[in-house]
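Q: What shape does this take:
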Amino acid sequence: MGIVMPLVHRQPGLAAYFVAFLGIAGIVMMNLVTAIIVETSIAGSQNDREAQEQQLNQRAKETLEKVEEILLSADLDGGGDVTKEELMLAYQTRTDVRDLIDQFCEIREIFDLFEIFDDDGNGRLTMGELRKGFLGYREAPLKLMVS
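A: Sure, this is the predicted structure:
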């Protein structure tokens, strides 16, 4: 205040200028602090969203691998694709397939995925259809990933 007081004594009208300047400068500083806080929050939110996306992709990959393992185990004729009948027969007769399905999900959920991913509707689910389905439909496997 060594400069301000002598100026105000010489020209009292400058007091309004300095008071206005200090008031506006205080508001500007508060706005800058608020902007920094908001920007940091938005950046943190974006990072959280990216981390969740990575986690979801990882879980989708793990789910796909598990479903592939189930379907390959249920492929009784070794043709590289599975019918619902093969799946049900393997579930009923092979304890390894039943244990694999039961520890991961319910048999009806596998049948639901079968219906969704059988693109050509021929009643046979290939590994290509399964992979394409997992890449194209995120909502369907989410039930399996959450449980």
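Q: Quick check: buried residues in stretch 70-81?
A: I70, L71, S73, A74, D75, L76, D81 (16 or more other CB atoms under 10 Å). The C-beta positions use only the backbone N, C-alpha and C, and glycine is treated the same way.
Q: Narrow the residues you listed to those in helices?
A: I70, L71, S73, A74 (DSSP state H).
Q: Report the two of those separated the most.
A: Spanning the widest gap among those are L71 and S73, at 7.3 Å by CB to CB.
Q: Please give the element, helix or strand, for the residue positioned nearest the centre of the chain.
A: Centroid-nearest residue in the chain: E53, 3.3 Å away (criterion: CA atoms, centre = their mean). With secondary structure defined by DSSP states H and E, E53 is part of helix 14-74.
Q: Show the average pLDDT along stretch 72-81.
A: Across stretch 72-81, the average pLDDT comes to 80.
Q: go on, stretch 124-139?
A: Stretch 124-139 comes out with an average pLDDT of 73.
Q: Can you tell me the closest non-neighbouring residue to F117?
A: Distances taken as CB to CB, 6 or more residues apart in numbering put G133 closest to F117, at 3.2 Å, once the chain neighbours are dropped.
Q: isn't the one you found right up against I116?
A: Yes. Between G133 and I116 there is a contact under CB atoms under 8 Å: 6.2 Å.
Q: Give me the more crowded residue out of those two.
A: For G133 versus I116, the count of surrounding residues by other CB atoms under 10 Å is larger for G133: 20 against 16.
Q: Can you tell me the closest non-neighbouring residue to F18?
A: Nearest non-adjacent residue to F18 (CB to CB, 6+ apart): V4, at 5.6 Å.
Q: confidence score at that neighbour?
A: 82.
Q: That one and Y17 touch, don't they?
A: No. Contact status for V4 versus Y17: not in contact, 9.9 Å apart, counting by CB under 8 Å.
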